[in-house]
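Peer 1: dropping the sequence and predicted coords here.
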Amino acid sequence: MRAEFRQAAALAAAVTDPFGALDKAAPFRAVRDRHPDDLFAHERYQDAVNEYGIEGHLRLLNKQYQELDFKHPSDPIFHYLYLRTLAGRGTLGAIQGLNELLAAHPDFAPAHRTLAEIYASEAFRDAAKETLERERYLAACPGGKFTNWPPPIPDRSTLLEQAERALADGAGNTDAARVIAMTIQGLKEFEWRSQRIRAFDWYTLDYKRQDALELRRHYWQAWAIQVRCYRQAGQAENAEQLLRMMKRRAALLANTPGSEYQTAVETLNHLSGEDPARIETTALPRN
Amino acid sequence: MRSLQSSKAGRAGRWFAVFVLTTVCGMAQPTSSSHAKPADPGPRGGSPGAGGTFTVLDYTNPAANAANLAFFAQALLRFQEVDSVSGTIASGSGLGPGFNSNSCAACHAQPALGGSSPAVNPQVANNFAHLDGASNPADTSRFLSASGPVREVRFVLNPDGSLDGGVHNIFTIAGRTDAPGCNLQQPNFDQAISSGNAIFRVPTPFFGGGLVEMTSDETLRLNLSATASQRASLGIGGSFNTSGNDGTITRFGWKAQNKSLLIFAGEAYNVEQGVTNEVFGNDRFPAGTSASVIANCTFNGVPEDATNTINPVPTTVGGVPNPNLNTIYGTASELSSDVLNFAAFARLLAPPTPVTSTASQLNGQQLFTTVGCALCHSPTLMTENINGGAYGPFPAMQNVTFHPFSDFAIHHMGSNLADGVNQGAAGPDEFRSAPLWGAGQRLFFLHDGRTSDLMAAIQAHFSSGRVCTASTSAESSTSQNCGSEANQVINAFNNLSSSQQQDILNFLRSL
């Protein structure tokens, strides 16, 4: 089994599509399908989806185990596995369910382990309960290992910076299509990172809000790069089209004069200053 | 009476009696040039005759009135919200997986917000197909153009031949920067159009929606029954679409399929923009979409739009910082979901203001009734009296006489207009009598926006053959020759002189 897990991990690592969550989880799913009665095979597959997936993948995982739970109504393993899909998604529900499961099956060690892992997480930290559940698990399974939750989130994309550099280095000889593609891919990577945060209740609402705000700033950064890129490549019409879209969006923000609006105005003013035609951008329409 | 006959007023009275007699007999003197071929004068220019709310909403309580007017102002802002997938590009979130537009206001825009399709189609002009990196490779030029109407597409039949009728979104979020990994494909519109399986719908305007909502079933039934014998003599039927739950009359939408403005808003938010909400809470993927595609294209929890238990609105109207931000306090609009705001906006929109005043328009108004148009396009209805008019939410909208030019009933319109779609009790060729208020500034007519010409729209009401009734088969109304209930009325219209027809067109453009 360990060899199969290692092989699955290697196959997952070989998937180059950064958004290929299902492809990355597929090798682990294959192991699980080969060992449908093995708890660890199920857990490792769940961990893979948690490690790579976003909202839709996590929801799919939840439905898969809900179905298994329905099919095996008297089997605590499948109910446990279903409850485990709630960890990080509806964690309080997972805690309640696991405790109910333990009330009926006090010796069901994996539930103690999962509770210990939840109580060890920053969002649901409870040192006393963690210790208690950890001890109960280790008493039943000496030497047992624990998973750290939450799973890692992707690093911030560097593609926007790379695009900026490519633009600066190109100095009139920029491969516009390449730079534009880099900005689009960069935005997608930022969005993906955000999705990896948004989908979980491991993170606070405030943290999610800050992340969303950061992401919105990256959009203005990317659009500015694209405008400069089009201008440098002599594609004035594309630059103008994008600028019009940016102004429309800035106008929509005019009723919420927060930091994003400031970013919008500053970005447009910078672009106006750089444009030989000196496009008037300060007088944004208000709706 | 005797003394009046010798007076000026008496002479006027006699003249009026003669006028009425000749009008009823279809002999009214033409008021437009009798030789010119009648032509749609086109959409009325000038300021929009619609788009605002009522001057007073609550005459019983000034504070409540001010609050209601403020509710409308805030709801109007919400109506203009633009959605992106997760709210990272535009402030609203929940767009997709499929969508036809990214905001309500983009499509309900003519002649003012809350109306119908604008002159420039945002689906094309705003480049929804490729906005924010979206792929959407399908060629939509067979049914969308920059100068054409905003449209949604429905498929008549499922691939297995069973009835479909549902909306198939024109665009998907695949390729957008805020939908990384999504690979949902567009439906095969080309094939559907070529096989005659695709039909189109354009946005319905909401002006006066609250008055329609506040009209009792009894009023609608009385109005319909009042003309039963006249309609029967002209081969006009008419029935109401009703709710399958409580049996009451449904009245919104092209087939009067929606019970209330809230249901309408909830359905449209989900169907047109893909935003799940408290009324329609499930993501919409085409039937047969694989679990992996669904997983790859699902980015938000559901519902994406819900009641705000914590006030999320950063600024009030005019950009003033909201002191209640992130508290449990706030206005009705701030604490309400988007769909409730949309419904409130539609509910509080005043009806269009007609400008019927010229001799031609006034004559057209008479003729409109004479030839029988008004038998379905009822000129006048009344809203309900709720608790003596004092305790309803909007007292000024109670006991109001209004002029929708609709009976809100559904009628068999024959094969020319049939779209093969069943919605509730409305069959393949049945449509609600489209309310004509605001027709003066409408750009596209009929359910699919096939024409901008009022005359063509009128003529499309004719369909030769016998009226097909009690049919739910799509083919029966589209491939057979089903007649229209309006045939005799259209014949009567066509028997009018050119100038009389012109008067009716002028009248309609005054609404």
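Peer 2: Thanks, I have the structure now. Residues are numbered from 1 along each chain as shown, chains lettered A, B, ... in the order given.

Peer 1: what residues of stretch B:135-151 count as buried?
Peer 2: B:135-136, B:138, B:140, B:143-144, B:148-151 (16 or more other C-beta atoms under 10 Å in any protein chain shown). Any C-beta I mention is one placed from the backbone N, CA and C, and that applies to glycine too.

Peer 1: chain A: which of the residues you listed is nearest?
Peer 2: B:S135 (11.4 Å; C-beta to the nearest C-beta).

Peer 1: return the residues in contact with A:K188.
Peer 2: A:18-19, B:133, B:177, B:180 (C-beta atoms under 8 Å, 6 or more residues apart in numbering or on different chains).

Peer 1: would you tell me what the next helix or strand after the helix or strand hosting it is?
Peer 2: Of the helices and strands defined by DSSP states H and E, A:K188 is found in helix A:176-198. Sequence-wise, the next helix or strand downstream of helix A:176-198 (DSSP H and E) is helix A:205-232.

Peer 1: list the helices and strands that following helix packs on?
Peer 2: helix A:159-170, helix A:176-198, helix A:236-253, helix A:259-274 (3 or more C-beta pairs under 8 Å, 6 or more residues apart in numbering or on different chains; DSSP states H and E).

Peer 1: that helix: how far from the chain's middle?
Peer 2: In terms of C-alpha atoms, centre = their mean, to the nearest Å, the centre of helix A:205-232 is set 17 Å apart from its chain centre.

Peer 1: dump the helices and strands packed on helix A:205-232 to TSV, plus mean pLDDT.
Peer 2: Shown next, in TSV, are the helices and strands packed on helix A:205-232 (pLDDT from 0 to 100):
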stretch	mean pLDDT
helix A:159-170	92
helix A:176-198	96
helix A:236-253	91
helix A:259-274	90
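
Peer 1: now the residue of the stretch 101-250 of chain B found nearest chain A, what's its secondary structure?
Peer 2: In the stretch 101-250 of chain B, the residue that lies nearest chain A is B:G181 (3.2 Å; C-beta to the nearest C-beta). B:G181 falls in the coil class when you classify it by DSSP: H, G, I helix; E, B strand; the rest coil.

Peer 1: for the one 4 residues further on, same thing?
Peer 2: Secondary structure, three-state DSSP: B:Q185 is coil.

Peer 1: center of the chain, which residue is that?
Peer 2: You didn't pick a chain, so chain A it is. A:R196 (1.3 Å; C-alpha atoms, centre = their mean).

Peer 1: you answered for a different chain; I wanted chain B.
Peer 2: Central residue of chain B (C-alpha atoms, centre = their mean): B:T204, at 2.0 Å.

Peer 1: for it, give me phi and psi.
Peer 2: phi -90, psi 140 (degrees, to the nearest 10).

Peer 1: distance-wise, check it relative to A:D155.
Peer 2: 49 Å (C-beta to C-beta, to the nearest Å).

Peer 1: so what pLDDT did the residue nearest to the centre of chain B get?
Peer 2: Looking at B:T204, its pLDDT reads 97.

Peer 1: I'd say it and B:S117 touch.
Peer 2: No - judged on C-beta atoms under 8 Å, B:T204 makes no contact with B:S117 at a distance of 9.9 Å.

Peer 1: chain center to stretch A:84-95: distance?
Peer 2: Distance, centroid of stretch A:84-95 to centroid of chain: 17 Å (C-alpha atoms, centre = their mean).

Peer 1: and if you look at stretch A:119-129?
Peer 2: Worked out by C-alpha atoms, centre = their mean, stretch A:119-129 lies 22 Å from the chain centre.

Peer 1: mind checking the end-to-end distance for that stretch?
Peer 2: Taking C-alpha to C-alpha, to the nearest Å, the first and last residues of stretch A:119-129 lie 7 Å apart.
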